[in-house]
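Visitor: Sequence and predicted structure are below.
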Amino acid sequence: MIRVLAWRWTGACIALGLAACATPQERAAQAQADVERMMAIYGPACVRLGYAAQSDAWRSCVIGLSTKYDLQRYGPSPGYYGWGPGWGPGYWRGWWDPYW
């Protein structure tokens, strides 16, 4: 009985996992939509900052403002081994304790 339930559960998980996969075309369309959204949001600000629209400097400004906003909103990425700020190896032992 448990084996049958386990196989059904495994089959359901595999089916859901395969259904959630995106094709390369879908991923490319999502990336294009993200770029268009960034240009619509940050493009006018970069023009007001003095960059000519659709130039390389303007694109760099759009990406920079988007990255700045994302860092403010979501914070920096976790550090080495997934430790965030203040979560180093000394967090639990104290910074000056010996390793052992």
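Guide: Looks like it came in fine. Numbers count the residues shown, from 1 in each chain.
Visitor: List the buried residues in the biggest helix by length in the chain.
Guide: What stands out as the longest helix in the chain, according to DSSP state H, is helix 24-48. Along helix 24-48, these residues count as buried under the neighbour rule (16 or more other C-beta atoms under 10 Å): 38-39, 42-43, 46. C-betas here are computed from N, CA, C, even on glycine.
Visitor: What of stretch 61-69?
Guide: In stretch 61-69, the ones that count as buried by 16+ other C-beta under 10 Å are 61-62, 65-66.
Visitor: can you give me the mean pLDDT across that stretch?
Guide: For stretch 61-69, the mean per-residue pLDDT is 92.
Visitor: next one: phi and psi at Gln54?
Guide: Gln54 adopts backbone torsions of phi 70, psi 20, taken as degrees, to the nearest 10.
Visitor: still on that earlier bit, can you tell me which of the buried residues of stretch 61-69 is nearest Ala52?
Guide: Cys61 (10.4 Å; C-beta to C-beta).
Visitor: Give me the spatial nearest neighbour of that closest one, chain neighbours excluded.
Guide: Spatial nearest neighbour of Cys61, chain neighbours left out: Cys46 (3.8 Å); criterion: C-beta to C-beta, 6 or more residues apart in numbering.
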